[in-house]
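[1] next come a sequence and a model predicted from it.
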Amino acid sequence: MTSLKGLFIFVTATFLLSCQNQEQQVVEAAKPNVIIFYVDDLGYGDLSCYGASKVATPNVDKLAENGLKLTDAHSTSATCTPSRYSLLTGEYAFRNNAAILPGDAPLLISPRKPTLPKMLQKAGYKTAVVGKWHLGLGDGNIDWNGDVKPGPLEIGFDYSFLLPSTGDRVPSVYLENYRVVGLAEGDSLKVSYNKKIGNRPTGKENPELLRYKADPQHSNSIINGVSRIGFMAGGQSAEWVDEDFPNQFVSKAEKFIDSSGDAPFFLFFSFHDIHVPRLPMKQFQGKSSMGPRGDAILQMDWTVGQIMALLEARGIDENTIVIFTSDNGPVINDGYADEAVKKLGEHDPTGGFSGGKYSALEAGTRVPTILKWSPKIKSGEADLLFSQVDIYASLASLLNVNLDKREAIDSQDLSGVLSGSDLKGRTTMIEESETLALRKGNWKYIRAVDKNIKYPVWIEKTKKIEDGLSTEAQLFNLDVDPTESDNVAQEYPAQVAEMHQIIADIELRNSRD
Ligand code: NG6
Ligand code: CA
């Protein structure tokens, strides 16, 4: 009896093991490449496939035609650094007080923290980030003339080619892995965010040298005819030319894709477009009706086309998951007099939602989002609720990687959406700005801000960020009020209390379950 039972267990176990192995082999053989196209400051209404009629984006539209276009997908935050933090860690950024960083800030993500690229490395992927970083570098005292680390390589990327911070912040040089590209011996590069260093002209002192007038915050060191935030001394040999960004990024991405050999790859393609300063290359200058902001949209679209053509030429476009999205909502004037406001015309970058970059209202985080994994994902459109923080757990689930209890704690497994097999989204989701807001279905609650909160001077001056902020609780029913114009908090106190409590519970959560 015992031996029969033993035989049964043995046979069953062997059978199960062989099934598991087969399944694993299938997954192994078919491991898809992953590309995240992360556009900067692209609004919900900035693409022709999302309704724009004053600008045409045929390459992105083609992704949408062959993929799933999400109409209620969000960056976690209305600004860049926090959204990137969430994308790469699977955590809401408020857990680390993530906010827009200066260009000399230390690395925001601890090398000890689990990350999306580390998870993919574990699954056998080669990983790279190309483009804007803005998550800090080094450990507090960077020597730009030596090895700049820790950085992307310490948090899971095998290769990096970066704009270290943003296009409008110094240092205005590329960083490839640990090194500033092209920095000549003896051309010592230093960066300061509190006082002028070196003898490079500034926008404040030499406005006659500028191609664009800039606000006071953007009136420090002049590089390539444009004044930036922060001061840079030396480093002339390594200065970037903004108009070269797209070609630089595409060629580095190509090199990386080809170097990944037989391994699946993960490419975090992080655009500078359409952030300020908007300085597209010659072939796009004046090509839209909207000045440099519209031209930058055309350039972004072209760049997507270049990368997709690379994949097609290598026959790998079909087994590549392409995620196209933006780090926050749109902004028209973000510091430079580049005609974006004057030439906007009838174009509506928010696609009809209220607010924009920096704002607690929907246009702050509701961004164009397209998922393409041909032939798995059926083409179409879905209004399910999706957050970029979910990409981590969804990819892990697709690749059979088990996540630790403390890993990517805010990331929900929406692998059904990524693979097109189950189009079910979230039930609740945080939207971060200067306050926290919560979506629960089509209810939107914006937590009141503290009366005594002291905003940075530039915010008070421009008032941009105050869109959507109030010292009173706000509740909107997006079903009937998609523009968040009618605060119904007084009429639904129980709904307000419940959503307030959900945010409080999320704030306290410290594990995946
Ligand atoms: C703000 C800058 C803005 C932009 C933003 C970061 C001022 C007045 N404004 O502080 O121009 O650089 O930071 O944008 O300095 S983000 O997309 O990277 O979050
Ligand atoms: Ca941004």
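    Noted; the coordinates are in hand. Ligands and ions are numbered 1, 2, ... in the order given.
[2] for the residue of the chain found nearest ligand 2, which non-adjacent residue is closest in space?
    Going by CB to the ion, ligand 2 is nearest to Cys80 of the chain, at 3.5 Å. The way it works is simple: take the backbone N, C-alpha and C, and place the C-beta from them, glycine included. In space, and not counting its chain neighbours, Cys80 is closest to Asp327: 4.8 Å by CB to CB, 6 or more residues apart in numbering.
[3] burial of the one you found, as a residue count?
    Here the number of neighbours of Asp327 (other CB atoms under 10 Å) works out to 30.
[4] repeat for Ser415
    17.
[5] what's near enough to touch it?
    393-395, 397-398 (CB atoms under 8 Å, 6 or more residues apart in numbering).
[6] give me the number of residues near Cys80?
    Neighbours around Cys80, by other CB under 10 Å: 27.
[7] surely Asp168 meets His272?
    No - taking contacts as CB atoms under 8 Å, Asp168 lies outside contact range of His272: 9.6 Å.
[8] more neighbours: which of the two?
    Using other CB under 10 Å, the more surrounded residue of Asp168 and His272 is His272, with 28 against 23.
[9] that one contacts Asp40, doesn't it?
    Yes - here His272 reaches Asp40: they are 6.2 Å apart, a contact under CB under 8 Å.
[10] shared neighbours of those two, anything?
    Common contacts of His272 and Asp40 (CB under 8 Å, 6+ apart): Lys132.
[11] for Lys118, grab phi and psi.
    Note on Lys118: its backbone torsions stand at phi -70, psi -40 [degrees, to the nearest 10].
[12] can I assume it is in contact with Ile155?
    Yes - the criterion here is CB under 8 Å, and Lys118 meets it with Ile155 at 6.8 Å.
[13] neighbours around the closest residue in space to Gln412 that isn't next to it in sequence, how many?
    The shortest distance from Gln412 to any non-neighbouring residue, by CB to CB, 6+ apart, is to Asp390 (4.9 Å). When neighbours are defined as other CB under 10 Å, Asp390 has 28 of them.
[14] which ones are touching Asp390?
    411-414, 426.
[15] ok so it is a strand residue?
    No - going by DSSP: H, G, I helix; E, B strand; the rest coil, the assignment for Asp390 is helix, not a strand.
[16] report the separation between it and Leu414.
    5 Å (CB to CB, to the nearest Å).
[17] so what sits against both of those two?
    In contact with both Asp390 and Leu414: Arg426, using CB under 8 Å, 6+ apart.
[18] and the residue positioned nearest the centre of the chain, how far from ligand 1?
    Compute the mean C-alpha point of the chain, and by CA atoms, centre = their mean the closest residue is Asp327, 3.6 Å away. Asp327 sits 6 Å away from ligand 1, taking CB to the nearest ligand atom, to the nearest Å as the criterion.
[19] look up how far Pro32 lies from that residue.
    Asp327 sits 23 Å away from Pro32, going by CB to CB.
[20] now swap in Ser237 and tell me
    Separation of Ser237 from Pro32 (CB to CB): 41 Å.
[21] over to Gly329?
    29 Å.
[22] okay, the two: which has more neighbours?
    Higher neighbour count among Gly329 and Pro32: Gly329, with 32 against 23, using other CB under 10 Å.
[23] just the pLDDT for the more buried one.
    Looking at Gly329, its pLDDT stands at 97.
[24] state the pLDDT value of Ser374.
    For Ser374, pLDDT reads 88.
[25] checking it next. Helix, strand or coil?
    What three-state DSSP gives for Ser374 is coil.
[26] pick out whichever of Lys118 and Ile155 has more residues nearby.
    Ile155 (25 against 19).
[27] which residues of this structure lie near ligand 2?
    Proximity of the chain to ligand 2 is confined to 40-41, 80, 327-328 under the rule CB under 5 Å from the ion.
[28] out of those residues, which are inside strands?
    If you go by DSSP state E, the residues of the chain next to ligand 2 have nothing in strands.
[29] what would the residues you listed look like in JSON lines with distance to Glu185?
    Formatted as JSON lines, these follow (distance: CB to CB, whole Å):
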{"residue": "Asp40", "distance to Glu185": "33"}
{"residue": "Asp41", "distance to Glu185": "37"}
{"residue": "Cys80", "distance to Glu185": "34"}
{"residue": "Asp327", "distance to Glu185": "36"}
{"residue": "Asn328", "distance to Glu185": "40"}
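[30] with respect to Gly305, which of the residues you listed is nearest?
    Asp40 (17.9 Å; CB to CB).
[31] I'd say that closest one and Lys132 touch.
    Yes - contact status for Asp40 versus Lys132: in contact at 6.1 Å, counting by CB under 8 Å.
[32] which residues do the two both contact?
    80, 270-272, 275.
[33] tell me the one among those nearest to Gly468.
    Set against Gly468, the nearest of the shared contacts of Asp40 and Lys132 by CB to CB is Cys80 (17.9 Å).
[34] measure the closest residue in space to Arg406 that isn't next to it in sequence to Ala408 for me?
    In space, and not counting its chain neighbours, Arg406 is closest to Ser511: 5.7 Å by CB to CB, 6+ apart. For Ser511, the distance to Ala408 (CB to CB) stands at 11 Å.
[35] neighbour-wise, which of these two wins?
    Legend: neighbour count by other CB under 10 Å for Ser511 and Ala408, higher for Ala408 (26 against 9).
[36] show me what contacts that one?
    By CB under 8 Å, 6+ apart, the contact set of Ala408 is 89-91, 114, 116, 119, 389, 392-393, 396, 512.
[37] save those as JSON lines, and put in secondary structure too.
    Output for those, formatted as JSON lines (three-state DSSP):
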{"residue": "Thr89", "secondary structure": "helix"}
{"residue": "Gly90", "secondary structure": "coil"}
{"residue": "Glu91", "secondary structure": "coil"}
{"residue": "Pro114", "secondary structure": "coil"}
{"residue": "Leu116", "secondary structure": "helix"}
{"residue": "Met119", "secondary structure": "helix"}
{"residue": "Val389", "secondary structure": "helix"}
{"residue": "Tyr392", "secondary structure": "helix"}
{"residue": "Ala393", "secondary structure": "helix"}
{"residue": "Ala396", "secondary structure": "helix"}
{"residue": "Arg512", "secondary structure": "coil"}
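[38] who's in contact with the residue in the chain that ligand 1 sits nearest to?
    In the chain, no residue comes nearer to ligand 1 than Cys80, which is 3.0 Å away by CB to the nearest ligand atom. Residues in contact with Cys80 (CB under 8 Å, 6+ apart) are 40-41, 100, 132, 134, 166, 275, 327-328.
[39] return the item of the residues you listed having minimum pLDDT.
    Ile100 (92).
[40] kindly confirm my reading that it is in a helix.
    No - Ile100 is assigned coil when assessed by three-state DSSP, not a helix.
[41] what count of nearby residues applies to it?
    Residues lying near Ile100 (other CB under 10 Å) number 16.
[42] isn't it right up against Thr81?
    Yes - Ile100 lies in contact with Thr81 (CB under 8 Å); the separation is 5.3 Å.
[43] look up which residues are beta-bridged to the closest residue in space to Lys196 that isn't next to it in sequence.
    Nearest non-adjacent residue to Lys196, counting by CB to CB, 6+ apart: Phe231, 5.1 Å away. Phe231 has these beta-bridge partners by DSSP bridges: Ser192.
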